[in-house]
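Engineer: Any chance you could fold what I've pasted below:
(one chain, ligands or ions: 2)
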Amino acid sequence: KKPLTTAKMRKMKEDGVPITMVTAYDYPSAKLAEEAGVDVILVGDSLGNVVLGYDSTLPVTIDDMVYHTRAAVRGAGNTFVVADLPFLTYHGSIDATMEAVGRLMREGGAKAVKLEGGAEIAHTVKAITQAGVPVVGHLGLTPQSVHQIGGFRVQGRNSEQAKKLLTDAKAIEEAGAFMVVLELMTDELAAWITKQLSIPTIGIGAGVNCDGQVLVFHDLLQYGSDSAPRKFVKTYANIGETIRNGIGEYVKEVKARTFPAQENTFHMDNDVVQYLYG
Ligand code: KIV
Ligand code: NA
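Structural biologist: Ligands and ions are numbered 1, 2, ... in the order given. All right, here's what the predicted structure looks like:
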């Protein structure tokens with residue numbers, strides 16, 4: 001199987017074939033996602049929360065993103081991997097932005113980068129696209145702006161905000177983005193935006209009418225995430241419980257000296273044993 005291309009993803013939108021995306025942050029998670037047949041892997045800066053234990057994505061550095069992207073790409077060489085540009089790495093000079101993009105692509109091995117924001121960063125999207133790097137936009141609830149937004153609430157509830165989000169989506173498309181993530185907004189708004197864009201929309205907490213869906217690996221698998229599952233997350237497996245039970249069993253058996261058992265144990269020949277013990 002070969003990785004998808006941006007052209008194929010656009011064709012999937014035209015044909016009404018949903019695009020599946022999941023986050024992954026290292027070799028095993030990316031490998032399992034690829035084996036499960038996911039279309040696109042996102043090395044999201046959500047790794048700050050779910051892998052590094054921060055309470056937001058703001059502390060995530062470009063070094064963190066490169067490190068995790070490299071590991072994910074090693075696990076999923078046949079899948080289109082997108083990497084997030086972390087907080088404040090694309091708001092200074094174009095040179096500084098390109099430095100960050102270059103690291104994710106060259107060192108990380110990503111095939112595209114994702115950044116948050118609308119019309120105000122369209123010039124940045126354009127510059128990156130013109131350098132030959134595919135760009136994914138991200139609108140609605142944009143976690144890097146959490147302190148400005150003032151919390152995690154559903155976006156674009158009134159008509160003014162809705163129109164602003166469409167304007168932003170169109171600006172991003174116009175600037176050359178090949179895909180846009182729509183996070184935490186009503187089904188109606190996401191459907192309306194999806195219809196008016198020619199690039200695919202990927203929803204998270206944005207209803208079933210987007211061109212595809214994305215979920216965070218640790219959320220959909222209940223893998224060590226502290227927070228109770230939110231309304232827009234569906235839990236498909238509880239590997240956290242599986243892991244806790246597995247390690248608990250190991251601890252019990254070591255305490256009881258039932259592990260290692262005979263089948264896990266190496267032995268000397270009897271004459272050597274006799275020599276040692278006399
Ligand atoms: O970082 C991330 O995981 C994301 C997705 C939620 C879209 O940006
Ligand atoms: Na992100």
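Engineer: Ramachandran angles for residue 257?
Structural biologist: phi 50, psi 40 (degrees, to the nearest 10).
Engineer: For the protein, what lies in contact range of ligand 2?
Structural biologist: Contact residues (Cβ under 5 Å from the ion) of the chain with ligand 2: 44, 45, 84. Every C-beta, even on glycine, is put in place using the N, C-alpha and C of the backbone.
Engineer: Kindly indicate which of those residues lies nearest ligand 1.
Structural biologist: residue 44 (2.3 Å; Cβ to the nearest ligand atom).
Engineer: show me what contacts the closest one?
Structural biologist: 23, 25, 84, 114, 216 (Cβ atoms under 8 Å, 6 or more residues apart in numbering).
Engineer: filter those down to the ones close to ligand 1.
Structural biologist: 23, 84, 216 (Cβ under 6 Å from any ligand atom).
Engineer: Looking at these, which are in strands?
Structural biologist: 23, 84 (DSSP state E).
Engineer: any idea which of the ones next to ligand 1 among the contacts of residue 44 has the most stuff around it?
Structural biologist: residue 84 (30 neighbours; other Cβ atoms under 10 Å).
Engineer: Surely it is in contact with residue 45?
Structural biologist: Yes - using Cβ atoms under 8 Å, residue 84 is in contact with residue 45, at 4.2 Å.
Engineer: Which neighbours do these two have in common?
Structural biologist: Residues touching both residue 84 and residue 45 by Cβ under 8 Å, 6+ apart: residue 65.
Engineer: quick one: pLDDT of residue 278?
Structural biologist: Per-residue pLDDT puts residue 278 at 82.
Engineer: Check residue 227 too.
Structural biologist: 66.
Engineer: and residue 10, which of the three is it?
Structural biologist: helix (DSSP: H, G, I helix; E, B strand; the rest coil).
Engineer: Would you mind naming what in the stretch 151-278 of the chain lies close to ligand 1?
Structural biologist: Contacts of the stretch 151-278 of the chain with ligand 1, taken as Cβ under 6 Å from any ligand atom, map to 181, 183, 204, 214, 216.
Engineer: Noted, bye for now.
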